[in-house]
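1. Please work out how this folds:
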Amino acid sequence: MARPARVIIVDDDPRVGESLSALLVQEGLAVEVAPSAEGALALCARQHYDAALVGMRLTDVAGIDLLRALRRADPALRAIVITAQGGGSLARRAMAEGAEAVLQRPLEVTPFLPLLLV
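-> Residues are numbered from 1 along each chain as shown. Okay, the predicted model is just below:
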């Protein structure tokens, strides 16, 4: 039996991390939540993740900078950016840094779940 995909959620709003985690665990994914870029980098140094959901505005660093660091450390990491702001230049920058998608809050699991199950 194949292992479940491992996903890290990085968002400084604990409600976002908890709710996304609960939904993804129900779908059979192995999920960890980091409330900061520092926490995410520490977890990623110890554990391989297949995908990351990254909030764009974190308290300790810009989400785009975390995305860049995560992709530098693991170019195969599938990344999805979460933002409360619209697309535009932010979305283009995130995609240029390797994000597979930029999703606007409030989130629905259906559009991005297939990206995590690959």
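
2. could you say which helix or strand contains A52?
-> strand 51-55 (DSSP states H and E).

3. That strand: how far from the chain's middle?
-> Between the centre of strand 51-55 and the centre of its chain there are 0 Å (C-alpha atoms, centre = their mean, to the nearest Å).

4. Sticking with V33, tell me its helix or strand.
-> V33 belongs to strand 30-34, assigned by DSSP H and E.

5. I'd like the next helix or strand past that strand.
-> Following strand 30-34 toward the C-terminus (DSSP H and E): helix 37-46.

6. Show me what that following helix is packed against.
-> Contact analysis of helix 37-46 by 3 or more C-beta pairs under 8 Å, 6 or more residues apart in numbering; DSSP states H and E lists strand 6-10, strand 30-34, helix 63-73 as its packing neighbours. For glycine as for every other residue, the C-beta is placed from the backbone atoms N, C-alpha and C.

7. Now it: average pLDDT?
-> On average, the pLDDT along helix 37-46 is 95.

8. now swap in stretch 69-84 and tell me
-> 91.

9. Could you work out the end-to-end span of that stretch for me?
-> Using C-alpha to C-alpha, to the nearest Å, one end of stretch 69-84 lies 22 Å from the other.

10. for stretch 3-15, same thing?
-> 27 Å.

11. Show me what counts as buried in that stretch.
-> By neighbour count on 16 or more other C-beta atoms under 10 Å, the buried set for stretch 3-15 is 5-13.

12. Restrict the strand holding A52 to CA atoms and write it as PDB.
-> Taking Å, rounded to 0.1, in the frame of the first residue of the first chain, the C-alpha atoms of strand 51-55 are listed here in PDB:
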ATOM      1  CA  ALA A  51       3.300  19.400  -1.100                       C
ATOM      2  CA  ALA A  52       3.000  22.700   0.800                       C
ATOM      3  CA  LEU A  53       0.100  25.100   1.300                       C
ATOM      4  CA  VAL A  54       1.800  28.400   2.000                       C
ATOM      5  CA  GLY A  55       0.000  31.600   3.300                       C
END
